[in-house]
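Participant: here's a sequence, model it:
(one chain, ligands or ions: 2)
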Amino acid sequence: NQKCFIFDLDGVIVDTAKYHYLAWQKIAHQLGIEFTPEHNEELKGVSRVRSLDLILALGNMEASQEDKNKWLVQKNEDYLSYLVNMDESEILPGVLPVLTYLKENKQKIVLGSASKNAKPILEKAKIIDYFDAIVDGNDVSNAKPDPEVFIQGAKKVNFPNERCIVFEDSVAGIQAANIAGMISVGIGEETILHEAQFVFPDFTHIDLNFIQNLIHK
Ligand code: G6P
Ligand code: MG
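Facilitator: Ligands and ions are numbered 1, 2, ... in the order given. Just a heads-up that it's a prediction; the model follows:
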């Protein structure tokens, strides 16, 4: 029995969603746009370019391409500044036991992230070797909820979508997994991630029996 386990990165494997939020909040404040944690839920899983467009839409603002490019650079520089000293301590609780269990049981492990910073982050966290395939923001042209990122991931390890399980903290990512016909596992709040087939507050709440049942399903 073998399945393909696809992991989102930010907010699932590593605690970087908070840094994305802080960096976007700085841009929004600079533009005089109110940007709350609730607004931020809509940005999770969404590409950098689309995230800025959503923030500008919040403020009913239009901007030149030149300004947008400037803010996109600023956001990424600010985001990366939080990650300068990043190490394995940013791995979210309960993640390593699950990755280890999957490896020991010869399951496929794939990354499916919208981030263009995915590979350096996995390297800093020292977990890149767990992954049989990586699909990130440099590979895809359609952002979640489009299922492209997960479908590419499944293809890379030659698995049909029905044998894939996706772990996601974003609404857009859960929708993408569902559209792809994959099993969706939400990591976060049940009220926000109600479209997921299963939801857990974090990986410490995921029993290895649950993983085993997914493998044998
Ligand atoms: C992930 C995060 C988003 C982020 C996107 C692009 O999906 O959840 O918050 O905007 O990746 O990340 P990047 O590192 O390329 O700006
Ligand atoms: Mg995420």
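Participant: show me where the chain has its helices.
Facilitator: In the chain, the helices defined using DSSP state H lie at 17-30, 37-41, 48-58, 65-82, 95-104, 118-124, 148-156, 171-179, 208-216.
Participant: out of those, which comes closest to L9?
Facilitator: Among these, helix 118-124 comes nearest to L9, with 5.3 Å by Cβ to Cβ. From N, CA and C alone the C-beta is placed, and that goes for glycine too.
Participant: export the closest one as PDB, just CAs?
Facilitator: What follows is the C-alpha trace of helix 118-124 in PDB, where atoms were taken according to Å, rounded to 0.1, in the frame of the first residue of the first chain:
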ATOM      1  CA  ALA A 118      10.000  27.100  -0.700                       C
ATOM      2  CA  LYS A 119      13.300  25.400  -1.400                       C
ATOM      3  CA  PRO A 120      15.600  27.700   0.700                       C
ATOM      4  CA  ILE A 121      13.000  27.400   3.500                       C
ATOM      5  CA  LEU A 122      13.100  23.600   3.400                       C
ATOM      6  CA  GLU A 123      16.900  23.700   3.400                       C
ATOM      7  CA  LYS A 124      17.000  26.100   6.400                       C
END
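Participant: and it, how far out from the chain middle?
Facilitator: With Cα atoms, centre = their mean, to the nearest Å as the basis, helix 118-124 stands 13 Å off its chain's centre.
Participant: residues contacting it, please?
Facilitator: If you take Cβ atoms under 8 Å, 6 or more residues apart in numbering as the criterion, helix 118-124 is touched by 9, 13-14, 16, 83, 86-87, 90, 111, 115, 128, 131, 134, 136-137.
Participant: for the chain, which residues are neighbours of ligand 1?
Facilitator: With Cβ under 6 Å from any ligand atom as the criterion, the chain meets ligand 1 at residues 10, 17, 20, 43-48, 51, 76, 113-117, 137, 170.
Participant: what's the burial count for the closest residue in space to V49 that isn't next to it in sequence?
Facilitator: With Cβ to Cβ, 6 or more residues apart in numbering as the measure, L72 is the residue that lies nearest to V49, at 6.7 Å, once sequence neighbours are left out. Per other Cβ atoms under 10 Å, the neighbour tally for L72 reads 15.
Participant: next, work out how far apart L72 and ligand 2 are.
Facilitator: L72 sits 19 Å away from ligand 2, going by Cβ to the ion, to the nearest Å.
Participant: now swap in E190 and tell me
Facilitator: The value you get for E190 to ligand 2, if Cβ to the ion is used, is 17 Å.
Participant: do you know the pLDDT at that residue?
Facilitator: You'll see E190 listed with a pLDDT of 97.
Participant: spit out the contact partners of it.
Facilitator: Residues counted as contacts of E190 (Cβ under 8 Å, 6+ apart) are V199.
Participant: do the one 5 residues further on as well
Facilitator: Remark: with contacts taken as Cβ under 8 Å, 6+ apart, E195 is in contact with 171, 174-175, 178, 184, 186.
Participant: would you mind listing what in the chain touches ligand 2?
Facilitator: Within the chain, the positions adjacent to ligand 2 are 8, 10-11, 169-170 by Cβ under 5 Å from the ion.
Participant: measure the residue of the chain positioned farthest from its centre to V73 for me?
Facilitator: Centroid-distance maximum for the chain: S64 at 28.6 Å, with Cα atoms, centre = their mean. According to Cβ to Cβ, to the nearest Å, S64 and V73 sit 14 Å apart.
Participant: the closest residue to L193 other than its chain neighbours pairs with what?
Facilitator: Nearest residue to L193 in three dimensions, chain neighbours excluded: G186, at 3.2 Å (Cβ to Cβ, 6+ apart). Here G186 sits in beta bridges with E168, V199, going by DSSP bridges.
Participant: right, I'll leave it there.
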